[in-house]
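1. sequence and predicted structure, then a few things I'm wondering about:
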Amino acid sequence: MAQKKREKRIVGWKEHVALPDLKVKSVIAKIDTGASVASIDASEIKVVKRQGVKYVNFKVMKRNNTVRKTSAPLAGYKRIKSSNGDVERRPYVKTTLLMDGISKKIELTLTDRGPMDYTMLIGKKAKI
């Protein structure tokens, strides 16, 4: 049985994306082949328990100074090594990414990206 060849998509180095599960209609994401997972600029990250299930509450910080409060089930924690070699333990959620007609489930780490230019990074494991 022949394997179906996967169609390759061409994307720019920055793209407008939506995260409908998190009620985020549009953010600018940088495509980062040096990163393995996706991350988003989040603040006030708090893990809470609701009916025995751990959720993470957080605010998404958008570049136009707007803030979206949101919440999602906590999927776990990942150890992320930054480009300067620092290792950080970050909470992550599983969510849907919409980009240019593509809908994809991704793992999204939450971190304060404060001084960075883009609200979100999409790493190579997102496989758009």
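-> Structure received. Numbers count the residues shown, from 1 in each chain.
2. can you tell me the helix or strand for M116?
-> Here M116 sits in a region with no helix or strand, counting by DSSP states H and E.
3. can you give me the strands in the chain?
-> In the chain, the strands defined using DSSP state E lie at 14-19, 24-31, 38-50, 53-61, 67-73, 76-81, 87-99, 102-111, 120-122.
4. now for the ones you listed, which one comes closest to E7?
-> Nearest to E7, of all the strands of the chain, is strand 102-111, at 10.7 Å by CB to CB. Bear in mind the C-beta positions are built from the backbone N, C-alpha and C, glycine included.
5. and the closest one, which residues are buried?
-> Buried residues in strand 102-111, defined by neighbour count with 16 or more other CB atoms under 10 Å: 106-111.
6. closest one to Y118 out of those residues, please.
-> Checking those one by one against Y118 (CB to CB), the nearest turns out to be T111, at 12.7 Å.
7. correct me if wrong: the closest one contacts A35.
-> No - T111 is beyond contact range of A35, at 11.5 Å (criterion: CB atoms under 8 Å).
8. where in the chain is pLDDT low?
-> Within the chain, the ranges that satisfy pLDDT under 70 run 1-6, 63-65, 127-128.
9. the same query, at a cut-off of 80, please.
-> Low-confidence segments of the chain (pLDDT under 80): 1-12, 34, 61-66, 82-84, 113-116, 125-128.
10. tabulate the buried residues of strand 102-111 (JSON lines), appending distance to D117.
-> Putting the buried residues of strand 102-111 into JSON lines (distance: CB to CB, whole Å) gives the following:
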{"residue": "I106", "distance to D117": "21"}
{"residue": "E107", "distance to D117": "22"}
{"residue": "L108", "distance to D117": "18"}
{"residue": "T109", "distance to D117": "18"}
{"residue": "L110", "distance to D117": "18"}
{"residue": "T111", "distance to D117": "15"}
